[in-house]
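[1] Whatever this is, show me its structure:
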Amino acid sequence: MRIEPFRMERMQSTYENYVDYNLSESGVRPMRASEILEMAGGPGRFLDSELGYSQSNGTEELRDRIAAFYDGARRDAVLVTNGGSEANYAAFWSLLERGDRVAFMIPNYLQTWGLSRAFAGRADAFRLTPRREGGRMRWALDIEALRRAVTRKTRVILVTNPNNPTGAVLTAAEMDEVVRAARRAGAWIIADEIYRGAELSGRTTPTFWGRYGRVLITSGLSKAFGLPGLRIGWVIGPPAAVRRLWSYRDYTTIAPGTLSDYLGRIAMDPKRREAIFARTRVIIRNNLPVLERWIHTHDDIFGYIPPEAGAIAFVRYALPVGSIPLVERLRVDRSVLVCAGDHFGMARHLRIGFGSDADYMRRGLDRIDATLEELRAPRRRGRGPSPAPGPVPRRASRPPAPPR
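    Alright, predicted model coming up:
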């Protein structure tokens, strides 16, 4: 089996540790091990842990605490994985056969786009599109596109909620439309909910768990928790499906790390979990205005719909350069890393992470300014294209087709 390159992850993995300013990260400033251990009264038991194999599907205590994040779930509905990426990999591998089809939300983190095409051979896009509702712009589900994408051959509907890269959150009515589409086709819903808990409003995003019998939730401690280094993820689903998934992991990483499971148990205690979410929300509420002020200094080229969750902003631009060459130019010329919209299935966009230290982010944004001025100059002399509609937010043009 051949699998296409996961271009965004390859770019980040290659360069994120070799730039002065990494604004490509989509989580918040990571917590320290000492902070987690202090929540549990200190490091004593942790330092005495034997470094043997952990329980391969996650310790019962960890699975109980993960289940408590989902109303009505029990430990037999939980499989602990090495990060949310392994959760996605195992879920798609276990469900898809050659000839199946996947209805896939765009824009999105395209790991599962590549997995869909590798395991099934075909992915059919449906979209979030900019729409004015209730006096504000939001990324809304294109319901007609969803209906077209889901056919009798559809095996899986993939949604990311809250969404990466837009930070959008589906409404209850939109979630119901996804469930209706799945029920009509007898398809599974795989809902990547790894940003759940990082909402600016403070209201935790409703989960797809419990809305339909054929649902797998993938998530983990990387984004909303600020604990990506633990590499703890999970799948929540019907117990029979979870047992099948567990057997697939015998071929991958076998078990989570012993120390990661220990620290994950601390983080997933319900009271501590909510304290961690509070920390995350303080960071994004403090940092987003800093980024927005910078965006508004470039109203002539940027269009922007504020995120509802996550430390990520998806910014449309009107400049005579594609998003991948622009990201490369920023990396080479300014030692700043951001993510290209083309790596999420939408051209002429950038994803900028704002979960780092605010001063660090400001310095990185200052370096981007210099490149923006260089790109503006030809247009000011009359040789470049006219800008897209002006200040933030603006109605976006129709997104391009997802990558083939």
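[2] Who are the contact partners of the nearest residue to Arg75 once chain neighbours are set aside?
    Among residues not flanking Arg75 along the chain, Arg63 sits closest, at 4.0 Å (C-beta to C-beta, 6 or more residues apart in numbering). All C-beta spots, glycine's among them, are computed from the backbone N, C-alpha and C. Neighbouring residues of Arg63 by C-beta atoms under 8 Å, 6 or more residues apart in numbering: 57, 75, 78, 80.
[3] What distance do you get for the closest residue to the third one other than its chain neighbours to Arg74?
    Ranked by C-beta to C-beta, 6+ apart and with sequence neighbours excluded, the top spatial neighbour of Val78 is Arg63, at 4.1 Å. Per C-beta to C-beta, to the nearest Å, Arg63 is found 9 Å from Arg74.
[4] so Ala125, which of the three states?
    Under DSSP: H, G, I helix; E, B strand; the rest coil, Ala125 falls in the strand class.
[5] Could I get the buried residue list for stretch 190-210?
    190-200, 205-209 (16 or more other C-beta atoms under 10 Å).
[6] do stretch 357-367 as well
    Neighbour-count burial for stretch 357-367 flags 361, 364-365, 367 (criterion: 16+ other C-beta under 10 Å).
[7] repeat for stretch 16-35
    19, 21-31.
[8] out of those, which are inside helices?
    With helices taken from DSSP state H, there is no overlap with those.
[9] Please state the backbone phi and psi of Leu170?
    Main-chain dihedrals, Leu170, degrees, to the nearest 10: phi -70, psi 140.
[10] Please disregard the earlier target; I meant Phe104.
    Residue torsions, per degrees, to the nearest 10, at Phe104 are phi -130, psi 120.
[11] just Ile190 next, same as before
    phi -110, psi 120.
[12] Please, which helix or strand holds Gly121?
    If you go by DSSP states H and E, Gly121 is not part of any helix or strand.
[13] show me what contacts it?
    Taking C-beta under 8 Å, 6+ apart, one finds 98-100 in contact with Gly121.
[14] Tally up the residues packed near Leu375, please.
    Leu375 has 16 neighbouring residues, counting by other C-beta atoms under 10 Å.
[15] How about it, nearest residue that isn't a chain neighbour?
    Nearest to Leu375 is Leu319, by C-beta to C-beta, 6+ apart, at 4.8 Å.
[16] swap in Leu372?
    His298 is the one closest to Leu372 (C-beta to C-beta, 6+ apart), at 6.3 Å.
[17] Thr371 is in contact with that neighbour, correct?
    No: the criterion here is C-beta atoms under 8 Å, and His298 misses it with Thr371 at 11.4 Å.
[18] Look at the two and report which has more neighbours.
    Set side by side, His298 and Thr371 show more neighbours around His298, with 21 against 17, by other C-beta under 10 Å.
[19] Now do the residue nearest to Val78 against Lys153, distance only.
    As judged by C-beta to C-beta, Arg63 and Lys153 stand 34 Å apart.
[20] and of the buried residues of stretch 190-210, the nearest to Tyr70?
    Checking these against Tyr70 by C-beta to C-beta gives Trp209 as the nearest, at 4.4 Å.
[21] so which helix or strand takes in the closest one?
    Applying DSSP H and E, one finds Trp209 in no helix or strand.
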